[in-house]
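# Okay, here's the prediction I keep looking at, along with the sequence it came from:
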Amino acid sequence: MSLLKYLFTKIHETHYTERQIFVNAVLRKARVIQTLNDGLAKRAQEIETLGIKGLDALHLSCAEKLKSRYFVTCDDRIIRKYTGAVVAINPVEFTMLILQQEADNADS
């Protein structure tokens, strides 16, 4: 089952209409869809040993597989505990980083 199909299934199980609308809108904008496989599940289990559970570990596993540079999250626990190949960062720090990079590029 693809991650997208799994997420749509989970969305429809929730009773939070506003959240369903938001998540569906975000998923429609996805440029890349990562299909779930045994390797991703195994890596997610390894990430769980860091104290990061369930879907968070699976999301990080997918981010690694897709060679994402950043994993943007509001969960400080993930930011503290995750030590993998992707930079776990909060939205404010991520925004500041991107704005600084844009400013640096404009100066060059």
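Great, that's in hand. Please read these numbers as outputs of a predicted model, since none were measured by experiment.

# CA atoms for contacts and neighbours, from now on please.
Noted.

# Can you read off the pLDDT for residue 34?
At residue 34, the predicted lDDT confidence score is 90.

# And it, how far from residue 42?
Distance, residue 34 to residue 42, using C-alpha to C-alpha, to the nearest Å: 15 Å.

# Likewise for residue 108?
43 Å.

# What residue, apart from its backbone neighbours, is nearest residue 79 spatially?
Spatial nearest neighbour of residue 79, chain neighbours left out: residue 88 (5.1 Å); criterion: C-alpha to C-alpha, 6 or more residues apart in numbering.

# That neighbour - how many residues pack around it?
When neighbours are counted by other C-alpha atoms under 10 Å, residue 88 registers 23.

# Quickly list what it is bridged to.
residue 71 (DSSP bridges).

# In this structure it contacts residue 81, no?
No - the criterion here is C-alpha atoms under 8 Å, and residue 88 misses it with residue 81 at 9.3 Å.

# helix, strand or coil for residue 52?
Secondary structure state of residue 52, per DSSP: H, G, I helix; E, B strand; the rest coil, is coil.

# Before we move on, what's the pLDDT of residue 29?
The model's pLDDT for residue 29 equals 88.

# all helices in this protein, in order from the N-terminus.
3-13, 17-28, 38-48, 54-65, 76-81, 91-107 (DSSP state H).
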